[in-house]
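>>> Let me see the structure of the following:
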Amino acid sequence: MTPLIEEIERHERRFYVNDRLMAARCWHDCNKPPLLALHGWLDNAATFDLLAPQLNDYYIVALDFAGHGYSGHRPKGVRYHLVDHVDDVVAVLKQLGWAKFSLMGHSMGAGIASLLAAAMPERIEKLVMIEGLGPYTGKAEDAVKHLRVALDEWQNFDDTVRSIPSFEFAVKARMNGLLPVGEQAAQLLCARGTKQVPDGLIWSSDKRLRLSSPTRFYEEQVCAFLAAIKAPTLLIMAQKTLPFNVGDYQKRMAAHQHLTLVKLEGGHHLHIDDNVSGVTTTVRQFLQAS
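Here you go, the predicted structure:
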């Protein structure tokens, strides 16, 4: 079994943030309008392998977040905080030299994109969020419990890296993961999400990414961020979406004053899995609109 990847004006770029590698997969001519693409939790830049080639009016740079894909891991003893990913993105943007750009994110990447678009609204031309409208939140009354769980997990964390029997095994595991995907999507994600070592194959993602966060945003904070976004924004929600709290989601959409919602057939990874054509058409029409 080999990954199904079509080579369409694609290349790799490398950046360094505090001496740590940040990898990116890129498409199209770098002289075209820039678009930064941000993937979801435990995915990688390959999540845009089927969508990005079709958006050929833009120069697309899809980052691997720290601890994902080909990017380096955070130093030993350091947690993965969501806002730290925003810092990394800003550092990469500085190296790219992009004063203004469009932004696209899926799931966790959409949450990070919303924070960046709110904090630096003057730099964002357009914003596309796929299956994500702001970061994951918690309730104030659960804060103590969340911290206790995170502390216990951190103290008992085992960073031993275990080998994977084969690429085929990795693909099947990804197909049946927490957020299942079809075989082609799994092949694409695993091709960038595994790496060869002397003893065989291992996942390239950092095991610390699975640890609970000691702190979370509250809904009021997320709504404040969404209200600060000035860029025209497209939100694509799948018909088979994650079980978001409907009331909270309605408040989030009401807070954003420049939001267009489109619901499409498919699941959480519809942009790489079960409705690539629908997502492509919708995103292209939004980006091309004046």
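>>> ok, what's across the strand from residue 104?
Per DSSP bridges, the residues bridged to residue 104 are residue 37, residue 128.
>>> Tell me how many other residues crowd it.
Residue 104 sits with 29 neighbouring residues when counted by other C-beta atoms under 10 Å. Quick note: C-beta positions are derived from backbone N, CA and C, even for glycine.
>>> My read is that it contacts residue 36, right?
Yes: Residue 104 is within contact range of residue 36, at 7.2 Å (criterion: C-beta atoms under 8 Å).
>>> helix or strand for residue 271, which one?
Residue 271 belongs to no helix or strand when assigned by DSSP states H and E.
>>> Next up, the contacts around it.
With contact set as C-beta atoms under 8 Å, 6 or more residues apart in numbering, residue 271 has these partners: 47-48, 50-51, 106, 130, 236, 279.
>>> repeat that for 6 Å
Applying C-beta atoms under 6 Å, 6 or more residues apart in numbering, one finds that residue 271 lies in contact with 51, 130, 279.
>>> Tell me the confidence at the second one?
Right, the one you point to is residue 130. The predicted structure scores residue 130 at 98 on the pLDDT scale.
>>> What mean pLDDT does the longest helix along the chain get?
In terms of residue count, the longest helix belonging to the chain (DSSP state H) is helix 82-96. Confidence for helix 82-96, expressed as mean pLDDT, is 98.
>>> how about that helix: buried residues?
When neighbours are counted by 16 or more other C-beta atoms under 10 Å, the buried residues of helix 82-96 are found to be 82, 85-86, 88-89, 91-93, 96.
>>> mind listing the helices for the chain?
If DSSP H is used as the criterion, the helices of the chain fall at 82-96, 108-119, 143-155, 167-175, 183-193, 219-227, 246-255, 276-288.
>>> returning to that earlier point: how far is the longest helix of the chain from where the chain is centred?
Centroid separation for helix 82-96 versus its chain: 13 Å, with C-alpha atoms, centre = their mean, to the nearest Å.
>>> same thing with stretch 258-267?
Stretch 258-267 has its C-alpha centroid displaced from the chain centroid by 17 Å (C-alpha atoms, centre = their mean).
>>> same question, stretch 268-281
So, by C-alpha atoms, centre = their mean, the centroid of stretch 268-281 is 15 Å from its chain's centroid.
>>> So which bits of that stretch are buried?
Of the residues in stretch 268-281, 268-276, 278-280 count as buried by neighbour count, 16+ other C-beta under 10 Å.
>>> Return the distance of stretch 100-109 from the chain's centre.
Stretch 100-109 has its average C-alpha position 8 Å from the chain's average C-alpha position, going by C-alpha atoms, centre = their mean.
>>> Can you point out the buried residues in it?
Taking 16+ other C-beta under 10 Å as the basis for neighbour counts, the residues of stretch 100-109 that come out buried are 101-109.
>>> Could you do stretch 232-245 as well?
232-238, 241.
>>> Export the helices of the chain to CSV and append columns for distance to residue 209.
Supplementary listing: the helices of the chain in CSV, determined by distance: least, C-beta to C-beta, whole Å:
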stretch, distance to residue 209
helix 82-96, 11
helix 108-119, 10
helix 143-155, 12
helix 167-175, 15
helix 183-193, 11
helix 219-227, 21
helix 246-255, 24
helix 276-288, 25
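>>> tell me the most buried of those?
Among those, judged by mean count of other C-beta atoms under 10 Å, the one packed with the most neighbours on average is helix 108-119 (a mean of 24).
>>> what comes into contact with it?
Applying C-beta under 6 Å, 6+ apart, the set of residues contacting helix 108-119 from outside is 38-41, 85-86, 103, 105, 124, 127, 129, 132, 134-135, 225, 228-229, 231.
>>> and residue 211, what does it touch?
Taking C-beta under 6 Å, 6+ apart as the contact definition, residue 211 lies against residue 153.
>>> What of the one 5 residues further on?
Neighbour list for residue 216: 137-138 [criterion: C-beta under 6 Å, 6+ apart].
>>> Please report the distance of it from residue 192.
In this structure, residue 216 and residue 192 are separated by 28 Å, where distance is defined by C-beta to C-beta, to the nearest Å.
>>> So which residue is dead centre in the protein?
With the centre of the chain defined as its mean C-alpha position, the nearest residue by C-alpha atoms, centre = their mean is residue 39, 2.1 Å away.
>>> Might one say that that residue is in contact with residue 46?
No: taking contacts as C-beta atoms under 6 Å, residue 39 lies outside contact range of residue 46: 8.1 Å.
>>> what's the overlap in contacts for the two?
Counting by C-beta under 6 Å, 6+ apart, nothing touches both residue 39 and residue 46.
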